[in-house]
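In: A predicted structure for the sequence below; I have some questions about it.
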Amino acid sequence: MQGIPEVHALSREEKIGQLLCLGWSEATQQDDARTVNAHARAVVEEMRAGSLVLMSRNVGAPEPLRALIAELNALAAIPLLVGVDQEGGWITRLGPPFTAFPGNMALGAIPGEQAEAYARRQAQAIAQELLAVGINWNFAPVVDVNNNPNNPIIGIRSFGEDLERVARLGAAAIDGTQQSGLLACAKHFPGHGDTSVDSHLALPTIPYGRERLESIELPPFRAAIAAGVGSIMTTHILFPALDAHNPATLSSAILNGLLRRDLGYGGVVITDCLEMHAISRTVGTARGAVEAIKAGADMALICHTLSTQREAWQALLKVVETGELPETRLDEAVGRVLAAKRRLAAGSPSTNAAPWKDPAHAALESEIAHAAITVIRNTGAIPIPPDASLLVISTHPAGPKLAHALERHRSTVPFLKIDKGFPAAQVEEALRAAGETAVIVTTAPLPPVEDAPALFLKSLIQACGDRLIVVGLREPYDLRRFPDIPNYLCAYGSRPCQLEALTDALCGIYQPAGRLPVTVPGK
């Protein structure tokens, strides 16, 4: 990355552009978001955005993606920061052939110090794959401490509930990312782990005092800052102990006071997407961009809507012209963005043109997946005897994939799909099919008001007894709802590597040694 100007050399309009990290989508059905379409051109040429965010809709095969990013950089007067959420696990924007690494909670389940080594190595491999297509910023790692089992949006994206372990693994991931030449981003400051509301949908509140925040939420961010993290993403959550009126993204007390002054952070602060309902349905996205920059953020993230992005650009320009946003604050924010770009320019470019083809990456994802599998309950049904017949039952899309993966070890493994409404006819068919087989049922979080899954599993327990094996395809909190499950193991995700590790554990190919990284209340 070359040709990064000084702040004073930029026009006011160019400075406003550097404050924006924007995404683009389809304008029409024929206007593919995986191309430099009209929306993408408006973002780069009209609004002069300093940074772009890639969503799944923008990502195709590696070569076209590399060409797309190169074309966008050619349109930009100042080299772009190009960011993506490639956390591993649940939130992974770049699909095959990019490596589908397990997520953070899988790493958190790996015992001992080897988890840190795996976190660093996984981050290095992800960074190599992103750099090879021109992406230079990963919005990872998540360093939220997931100590609320009802959290609908963090869950397996967290390393777990042990704040010291989260801090160590987060720092290792940051080190692996940035030593590889990519900008890392610790999120979501000052902590999104203890919420039961998704900030995409509403404005959550964390009601605890500063002492509690210092003891749980903040240590991983302190560790990230000590590790030299290049950027931090804010969260749209109200912390009344810190600011009674403004969510963190819009709070000077939190961004300037806590993050800059108290924690001593000097890198780039970027907001989470301002089109999330916690902002868009309260102060509004455009005003949210203004208030975030005034409060101490350096960059406003707006992922989706062209008209909304234009409104934010105009709103920022207006408050600079009127003096509501001082030129000194504008220059300070732009200076940090340009400094991050110079930091990347000083790094070494990737020398591997196709790292996703590297056998070492495939081996690493498999190692991590196998090391994470956690057997929580076992009456002796795991491993499944080699002469036992199998049946997989699932409402989850990964159910048939699990059955297929089991056929690596067994000739035929039937699969029964149960719709989420648990129709009586399907339930009766499943109970008949259970017969004398080993029955494997997958679970993943479901709305707690639905009793049908619990009733179904209760019926299966009565029909199968210890032959029933339940597989948790996400975090293990399902155990709260199904207290009588005889056999239970957790994979922390349903990526192909995790399904293969599950089948190896179920069939006795290896002895899984994962440990729960979270507490299941009452269990």
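Out: Now that the structure is in, tell me what you want to look at.
In: now residue 107: closest residue in space, sequence neighbours ignored.
Out: residue 119 (5.1 Å; C-beta to C-beta, 6 or more residues apart in numbering). C-betas here are computed from N, CA, C, even on glycine.
In: correction: residue 333
Out: Residue 333 sits nearest to residue 298 (C-beta to C-beta, 6+ apart), 4.0 Å away.
In: what's the burial count for the one you found?
Out: Neighbour count for residue 298, taken as other C-beta atoms under 10 Å: 26.
In: I figured it hits residue 337, correct?
Out: Yes - using C-beta atoms under 8 Å, residue 298 is in contact with residue 337, at 5.8 Å.
In: wasn't residue 380 part of a helix?
Out: No - according to DSSP: H, G, I helix; E, B strand; the rest coil, the state of residue 380 is coil, so it is not within a helix.
In: and the residue nearest to residue 107, what element?
Out: helix 114-131 (DSSP states H and E).
In: now do the buried residues in that helix.
Out: By neighbour count with 16 or more other C-beta atoms under 10 Å, helix 114-131 contains the buried residues 115-116, 118-131.
In: distance-wise, check the residue nearest to residue 107 relative to residue 109.
Out: 12 Å (C-beta to C-beta, to the nearest Å).
In: in the stretch 101-250 of the chain, which spans are strands?
Out: Applying DSSP state E, counting those that start in this stretch to the stretch 101-250 of the chain gives strands spanning 137-138, 185-189, 231-234.
In: with mean pLDDT added, can I get those strands in a markdown table?
Out: Below are these laid out as a markdown table (pLDDT from 0 to 100):
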| stretch | mean pLDDT |
| --- | --- |
| strand 137-138 | 98 |
| strand 185-189 | 97 |
| strand 231-234 | 98 |
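In: any idea which of the ones you listed gets closest to residue 492?
Out: Closest of these to residue 492 is strand 185-189, at 19.1 Å (criterion: C-beta to C-beta).
In: between residue 298 and residue 337, which contacts overlap?
Out: 19, 268 (C-beta atoms under 8 Å, 6 or more residues apart in numbering).
In: distance of residue 148 relative to residue 134?
Out: 37 Å.
In: what about residue 87, which helix or strand?
Out: strand 86-88.
In: report the strands that pair with the helix or strand that that strand is followed by, each with its relative direction.
Out: Next in sequence after strand 86-88, counting helices and strands by DSSP H and E, comes strand 91-92. Strand 91-92 has the following strand partners under DSSP bridges: strand 86-88 (antiparallel).
In: give me the distance from the strand it pairs with to the chain's centre.
Out: Between the centre of strand 86-88 and the centre of its chain there are 6 Å (C-alpha atoms, centre = their mean, to the nearest Å).
In: again, but for stretch 148-164
Out: Distance, stretch centre to chain centre, for stretch 148-164: 11 Å (C-alpha atoms, centre = their mean).
In: endpoints of that stretch, how far apart?
Out: End-to-end distance for stretch 148-164, by C-alpha to C-alpha, to the nearest Å: 17 Å.
In: what does the average pLDDT come to for it?
Out: If you average the pLDDT over stretch 148-164, you get 92.
In: ok, stretch 39-57 next?
Out: The model assigns stretch 39-57 a mean pLDDT of 97.
In: quick one: end-to-end length of it, please.
Out: Taking C-alpha to C-alpha as the measure, stretch 39-57 stretches 13 Å from start to finish.
In: helix or strand right after the one helix or strand residue 333 maps to?
Out: Assigned by DSSP H and E, residue 333 belongs to helix 327-345. As assigned by DSSP H and E, the chain's next helix or strand after helix 327-345 is helix 359-372.
In: same for the helix or strand just after that next one, what does it pack against?
Out: The element immediately downstream of helix 359-372 (helix or strand, assigned by DSSP H and E) is strand 374-377. Using 3 or more C-beta pairs under 8 Å, 6 or more residues apart in numbering; DSSP states H and E, the elements in contact with strand 374-377 are strand 488-490.
In: quick one: distance of the strand it packs on to the chain centre.
Out: Centroid separation for strand 488-490 versus its chain: 22 Å, with C-alpha atoms, centre = their mean.
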